[in-house]
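Participant: just the structure for this:
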Amino acid sequence: MVGMSAQAWRAMTGELEQLEHVGADAPEPIVTTPNLITLSGYAAGLYWLAGGSPAWALWSLAADELDGESARALGQSTALGDALDSSVDMCMAALIGLKLGLWWLMPITLFIQVWQRQHGYKPTIGSARAILTLRALAKGG
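Facilitator: So this is what the prediction gives:
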């Protein structure tokens, strides 16, 4: 720019660079479509465990599959969503284990979940949750 001092130019471009970084450190959104799907599946699973129709268990399983797929498809994958999904999987697996009379399953699922996270692995409790849900449904639950 003609007539602009080097100091003024640096000040202006420095301000522009700062504007480019606005929002870069913003926190991840909490309310996202995938997180709402996860929570609706959790609510459906709890309702089923409290005596609701088996259709609620099936919605819970479907939501467990849909949340991750929708997060990737919508570009809304977050660390919070990953932790929420894993935590719901762990809680549901433990509660379904209790429903089936497998009380010892609760500390085992907790141990596996914590160990996998501490060692950098993505927890795999979701598959156990699905198997336990289907087993409980097969037993008439």
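Participant: give me the below-cutoff pLDDT ranges for this structure.
Facilitator: Along the chain, segments meeting pLDDT under 70 span 1-26, 122-125, 141.
Participant: please report how far Trp104 lies from Ile131.
Facilitator: Distance, Trp104 to Ile131, using C-beta to C-beta, to the nearest Å: 16 Å. Heads up, the C-betas are built off the backbone N, CA and C, glycines and all.
Participant: quick one: which of these two has more around it?
Facilitator: Comparing Trp104 with Ile131 by other C-beta atoms under 10 Å, the one with more neighbours is Ile131, at 12 against 9.
Participant: what's the separation between that one and Trp103?
Facilitator: 17 Å.
Participant: what do you get for Ala94?
Facilitator: 9 Å.
Participant: okay, and the common contacts of these two?
Facilitator: Common neighbours of Ala94 and Trp103, using C-beta atoms under 8 Å, 6 or more residues apart in numbering, do not exist here.
Participant: ok, the two, which is more surrounded?
Facilitator: Shown here are Ala94 and Trp103; by other C-beta under 10 Å, Ala94 has more neighbours (23 against 10).
Participant: so who does the more buried one touch?
Facilitator: Residues in contact with Ala94 (C-beta under 8 Å, 6+ apart) are Leu105, Met106, Thr109, Leu110.
Participant: how about the contacts made by the last one?
Facilitator: When you say that, I think you mean Leu110. Counted by C-beta under 8 Å, 6+ apart, Leu110 has contacts Met90, Ala94.
Participant: kindly report the same for the first one.
Facilitator: Contacts were defined as C-beta under 8 Å, 6+ apart; by that measure Leu105 touches Ala93, Ala94, Gly97, Leu98, Leu132.
Participant: JSON lines for those, including secondary structure and distance to Leu74?
Facilitator: Putting the contacts of Leu105 into JSON lines (DSSP: H, G, I helix; E, B strand; the rest coil; distance: C-beta to C-beta, whole Å) gives the following:
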{"residue": "Ala93", "secondary structure": "helix", "distance to Leu74": "26"}
{"residue": "Ala94", "secondary structure": "helix", "distance to Leu74": "29"}
{"residue": "Gly97", "secondary structure": "helix", "distance to Leu74": "32"}
{"residue": "Leu98", "secondary structure": "helix", "distance to Leu74": "34"}
{"residue": "Leu132", "secondary structure": "helix", "distance to Leu74": "29"}
